[in-house]
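*Asks:* Got a predicted model here, sequence first, then my questions.
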Amino acid sequence: MLEQIHGHEVMKMMLAKGCSFTRETLTDAVVEEFGEDARFYTCSQKDMTVSELIDFLQSREKFIAKDDGFNTSPDKICSH
């Protein structure tokens, strides 16, 4: 089984890059950072693809809309 990467790591990567993303550019950045076959988990979900993770994070309102896309903020990352 592939190692699972916590969704917080994706959010931290978004913050570190300091730019806005579209769904497509976020997908590309995640694949570049973690690999095409990476699987992700959160506090309540596991074994998600990058697309499923993006859907999950969006449904949990972890993204902040910007004029040119979206990003996140440190207060959107839970601390458990």
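*Replies:* Everything's here; your move.

*Asks:* so is the residue nearest the centre of the chain in a helix, a strand, or just coil?
*Replies:* Nearest residue to the geometric centre of the chain (CA atoms, centre = their mean): residue 10, 3.9 Å. With DSSP: H, G, I helix; E, B strand; the rest coil as the basis, residue 10 sits in helix.

*Asks:* Let's see the pLDDT reported for it.
*Replies:* Looking at residue 10, its pLDDT is 97.

*Asks:* if I look at it, how far off is residue 31?
*Replies:* 11 Å (CB to CB, to the nearest Å). C-beta coordinates here come from the backbone N, C-alpha and C atoms, glycine included.

*Asks:* ranges for the strands of the protein?
*Replies:* Along the chain, counting by DSSP state E, strands occupy 4-6, 39-41, 64-66, 69-71.

*Asks:* what packs against the last one?
*Replies:* When you say that, I think you mean strand 69-71. Of the remaining helices and strands, none touches strand 69-71 by 3 or more CB pairs under 8 Å, 6 or more residues apart in numbering; DSSP states H and E.

*Asks:* What strands line up against the helix or strand of the chain with the lowest mean pLDDT, and which way round?
*Replies:* Least confident helix or strand, the chain: strand 64-66 with a mean of 92, by mean pLDDT, DSSP states H and E. Within its sheet, strand 64-66 is paired with strand 69-71 (antiparallel), according to DSSP bridges.
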